[in-house]
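Student: My questions are about this predicted structure, shown below with the sequence.
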Amino acid sequence: MEHVKKKHHQTLAFIWLLIILSSLTSKSGSSSSESSQNRKHHFVLVHGACHGAWSWYKVITLLKSWGHNVTALDLAASGVNQKQALELNSISEYFEPLTEFMTLSVNEGERVVLVGHSLGGLAISHAMEHFPHKISVAVFVTAFMPGPTANISAMYQMAFSNSGSILDNHYTYDEGRNKPATTFVFGPRYLASRLYQLSSKQDWNLATTLVRPLKLFSNKDITKVLTLSHTKYSSVSRIFVVSEKDLVVSPNLQRWMIEHNPPNRVVEIAGSDHMIMMSKPIDLCLQLQSIAANYD
């Protein structure tokens, strides 16, 4: 009962903070630093594995209340996207909604703040290679961060070797048991203990009802599609957001990516689980607004 009361109070506190922050940011600042922070930006948010645009709902609410333009996308076979995982033949098809958005919805001369969480780091890396002139800064929120010199295969091997027990995660073998698994989805117990261990019970319950199977693409396909160059990918400023209590993208893997593909800046959010946007939404939004102002 005490635990329920605590979570209820945390939810109420978050709502009140939204109201207070919204009213504060509606007042015009007089200093140049306030002017920089109050400049409006377009944030494009890309979710992680098995999740969807819905996972950003707290961040969307906050950033919009501060006057920013926010687009949260569903990658293929994710969220409310109508494709099914087994319909996808390549990871490039998984990235297609982001590719299409950057092509058709971001005008020439416009630049967005591109934010990727977890596996979404691969999607924004692909966009950085193809649309560097349309991105002011790319933010990797405890996300996979490949690069011209950071081997994606080594990154994957390290991720899975540190993933711990699979608990109730579910794999399908649609091409036969003697073939590699074709899809994967997080189980409720794994979500609770590894992704949402510091998030509210409400957010965990939301995730258990909305996660969808992820198509598992071959290393060969991923390596081919994610060919990243110094001239394009590396021309975009990169920020890596470290989650202090992440149990999915381990500290070792985060350090490895930062060392092998150094970003322009590293920030850490204390007391956050893998789902930073759920467990520490205000801290994350303050960092995103600061990053956007500094890399305008």
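Tutor: Here it is on my side, so go on.

Student: switch to C-alpha atoms for all contacts and neighbour counts from now on
Tutor: Will do.

Student: where along the chain do the strands fall?
Tutor: Per DSSP state E, the chain carries strands over the ranges 42-46, 69-73, 112-117, 135-141, 170-172, 183-185, 214-215, 238-243, 265-269.

Student: Low-confidence stretches in the stretch 1-150 of the chain?
Tutor: 1-38 (pLDDT under 70).

Student: swap the cut-off to 50 and go again
Tutor: Within the stretch 1-150 of the chain, the stretches with pLDDT under 50 are 1-8, 11-13, 15-36.

Student: hey, where'd the helices end up in it?
Tutor: 2-25, 32-38, 57-65, 91-94, 96-104, 120-130 (DSSP state H, counting those that start in this stretch).

Student: tell me what the third one is packed against?
Tutor: Other helices and strands packing on helix 57-65, by 3 or more Cα pairs under 8 Å, 6 or more residues apart in numbering; DSSP states H and E, are helix 2-25, strand 69-73, helix 276-279, helix 281-294.

Student: could you redo the last one with a cut-off of 7 Å?
Tutor: helix 276-279, helix 281-294 (3 or more Cα pairs under 7 Å, 6 or more residues apart in numbering; DSSP states H and E).

Student: Output those helices as TSV; include the columns distance to residue 177 and mean neighbour count.
Tutor: TSV is the format used below for the helices and strands packed on helix 57-65 (distance: least, Cα to Cα, whole Å; neighbours: other Cα atoms under 10 Å):
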stretch	distance to residue 177	mean neighbour count
helix 276-279	36	24
helix 281-294	41	18
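
Student: hang on, the earlier thing: could you say which one of the strands of the chain comes nearest to residue 206?
Tutor: Residue 206 sits nearest to strand 183-185 of all those, at 14.8 Å, using Cα to Cα.

Student: From the chain's centroid, how far away is that closest one?
Tutor: 18 Å (Cα atoms, centre = their mean, to the nearest Å).

Student: List the neighbouring strands of it plus their orientation.
Tutor: strand 170-172 (antiparallel), strand 214-215 (antiparallel) (DSSP bridges).

Student: Any idea which of the ones you listed gets closest to residue 50?
Tutor: The nearest among those, by Cα to Cα, is strand 214-215 at 5.4 Å.

Student: how far does that closest one sit from the chain's center?
Tutor: 16 Å.

Student: before we move on, what about stretch 77-96?
Tutor: Worked out by Cα atoms, centre = their mean, stretch 77-96 lies 17 Å from the chain centre.

Student: cool, and stretch 240-255?
Tutor: Taking mean C-alpha positions (Cα atoms, centre = their mean), stretch 240-255 and its chain are 13 Å apart.

Student: same deal with stretch 148-167?
Tutor: So, by Cα atoms, centre = their mean, the centroid of stretch 148-167 is 17 Å from its chain's centroid.

Student: same deal with stretch 70-87?
Tutor: Centroid displacement of stretch 70-87 relative to its chain, using Cα atoms, centre = their mean, is 14 Å.
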